[in-house]
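Next comes the sequence, and after it the predicted model I'd like to discuss.
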Amino acid sequence: MPKSFDKGFRWVTDPSVQVEDTPETSQESQEPETSQESDAAPKGPVQGTGMPADQGTVAAWRPARSEPVINFVDSLIATAVNEGASDIHIEPREKELHVRLRIDGVLFKKPAPPIKMHPAVISRLKILANLDISERRLPQDGRIRANVSGKQIDLRISMLPISHGEKCVIRVLDSHAISVGLDQLGMSPGTFEAFRSEILQPHGIVLVTGPTGSGKSTTLYSALQVMDGATLNICTVEDPVEYDLASINQVQVHESIGMTFAAALRSLLRQDPDTIMVGEIRDEETARVAVQAALTGHMVLSTLHTNDAPSSITRLVDIGIEPYLISAAVNGALAQRLLRRICENCKEPMTTVPESTAVYLEKHNVEPRQLYCGTGCEVCRHTGYKGRIGIYELLVLNEELRDIITHNPSLGDLKAASKKQGMHTLRDDGLQKAFQGHTTVEELIRITES
């Protein structure tokens, strides 16, 4: 590759990163053949892409296997894993390359190579993910399996053409992250016992709601671990299957060939299941099959994108499910968010309450109490936060609420009835965790009020 690629920029090889030699990644060891006379078009297709190789493909292939590019990609993966990042963003701009890591829900900028190195970095990632390196006009998705310091890591790759090249976002999937027990998610004792009781019922639907990145999948996986996989037939329908779970039958959705959530769910019902986890209820067909499954004696766990727990009921109505069916099938709904946790290394009591916090507490008629904050240190990258903690809002349907739902109430009426029955809101749980010193009111405002 041209020497200018690594001029003034050095990445040291990280021996802790090893990409597994799987059928998806073995193509990188086989450079496409070229004629002896020149580097013109190779004789055959590039292995793993299924596309005829051309001169542009060969030109992209060789820089992608150069030492600076390999070192950069390996170092970036190792840094992301070691710092607990959930996503890696590689973004080309007109004159520079931006590299950012999402840590605890916030993007942090990292050192980046020169912009001229960007095509080679993208090609390197495409090779590892078994993508077509010659295709730069269409989005592509792939997967890489790597071993970082002895830890098995799956990387989900998404390529998207933008105005200055291809942007790459890498989702870091650490199997150790889903081994968290249900009792370690940060639920209050009352919420934990109530939620655990609901998921262990023999039939019904339990929904987990919240925006993307709020920890819904982790909660569902933790719920499945509470169940006895040895005596139950537990099946999941996911898009995509992010983690391999022992003793659980996982089905991958392929909508392009007709393998939708609804189609997979119908097939699973002929597989004698006890518990079914549906990655997401997106449409009426999936919702209706899930309701029928619950009414015929199966436990169904799934997710919805709603802002709070009562909204999950009205969302099912909006999708097209009759209120009387929702009343009979749904056991409960858990809304959740993830707040950054105060860094324990630099945590100290607040001596002065910020104005925004004081206004927020007064607005919601909350009596001020001792609050805490992080002053910032090396451990938390001078942010005052390290790690995240969940806040939860659990709606359990009793007979009175079921009767109310049957009459198709407005969202406001349903929220009022839920609170009357003892439901603690996300705000209630967030304030409780702030007073306990786990997070800050500013963080609660950022996540729930924005």
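That came through fine.

Distance check, L128 against S175.
Distance, L128 to S175, by Cβ to Cβ, to the nearest Å: 19 Å. Glycine gets a C-beta too; all of them are placed from N, C-alpha and C.

out of the two, which sits in the busier spot?
Each of L128 and S175 has its neighbours counted (other Cβ atoms under 10 Å); L128 has more, 26 against 14.

Quick check: that one vs R65, distance?
11 Å.

what distance separates stretch 291-308 from the centre of its chain?
20 Å (Cα atoms, centre = their mean, to the nearest Å).

Which residues belonging to it are considered buried?
291-294, 298-308 (16 or more other Cβ atoms under 10 Å).

what's the answer for stretch 329-344, then?
Residues of stretch 329-344 classed as buried under the neighbour-count rule (16+ other Cβ under 10 Å) are 329-343.

Could you do stretch 275-288 as well?
T275, I276, M277, V278, G279, E280, I281, R282, E285, T286, A287, R288.

Looking at those residues, which is nearest Q140?
Proximity of those to Q140 (Cβ to Cβ) peaks at G279, which lies at 21.5 Å.

you'd agree that closest one is up against Y243?
No - taking contacts as Cβ atoms under 8 Å, G279 lies outside contact range of Y243: 11.9 Å.

remind me which residues of the stretch 301-450 of the chain are low pLDDT?
Across the stretch 301-450 of the chain, the ranges flagged by pLDDT under 70 are 450.

An error on my part: the question was meant for the stretch 101-250 of the chain.
In the stretch 101-250 of the chain (pLDDT under 70), the answer is 177-178.

quick one, strands of it?
Using DSSP state E, counting those that start in this stretch, the strands of the stretch 101-250 of the chain run over 106-110, 140-148, 151-162, 165-174, 204-209, 234-238, 249-252.

Relative to T260, which of the ones you listed is closest?
strand 234-238 (9.2 Å).

ok, so of the buried residues of stretch 291-308, who is nearest L160?
Of all these, H305 has the smallest distance to L160: 21.3 Å, by Cβ to Cβ.

That closest one touches T209, doesn't it?
Yes - assessed by Cβ under 8 Å, H305 is found in contact with T209 at 7.0 Å.

And E348, how far from G376?
Applying Cβ to Cβ, the value for E348 to G376 is 11 Å.

The two: who's more crowded?
G376 (15 against 12).

Look up how far L334 lies from the more buried one.
On the measure of Cβ to Cβ, G376 and L334 end up 33 Å apart.

in which helix or strand would I find P63?
helix 55-64 (DSSP states H and E).

Following that helix in sequence, what is the next regular element?
helix 67-82.

next helix or strand past that following helix?
strand 87-92.

tell me what that following strand is packed against?
Where contact means 3 or more Cβ pairs under 8 Å, 6 or more residues apart in numbering; DSSP states H and E, strand 87-92 is packed against helix 67-82, strand 97-103, helix 118-128, strand 165-174.

Give me the contact list for it.
76-77, 80, 97-102, 107, 115, 118, 121-122, 162, 164-172 (Cβ atoms under 8 Å, 6 or more residues apart in numbering).

are any of those buried, and which?
Here, 16+ other Cβ under 10 Å leaves 76-77, 80, 97, 99-102, 115, 118, 121-122, 165-172 buried among the contacts of strand 87-92.

Nearest spatial neighbour of K126, chain-adjacent residues omitted?
I133 (4.5 Å; Cβ to Cβ, 6 or more residues apart in numbering).

That neighbour is in contact with V121, isn't it?
No - using Cβ under 8 Å, I133 is not in contact with V121, being 11.7 Å away.

shared neighbours of the two, which are they?
A64.

Name the nearest residue to G390, ignoring sequence neighbours.
Spatial nearest neighbour of G390, chain neighbours left out: G186 (4.4 Å); criterion: Cβ to Cβ, 6+ apart.

distance of that neighbour from Q432?
Distance, G186 to Q432, using Cβ to Cβ: 11 Å.

Comparing these two, which shows the higher neighbour count?
Comparing G186 with Q432 by other Cβ under 10 Å, the one with more neighbours is G186, at 22 against 13.

And for G142, the neighbour number?
Residues near G142, counting by other Cβ under 10 Å: 19.

Looking at the buried residues of stretch 329-344, which two lie furthest apart in space?
Among those, A329 and C343 lie farthest apart (Cβ to Cβ), at 43.3 Å.
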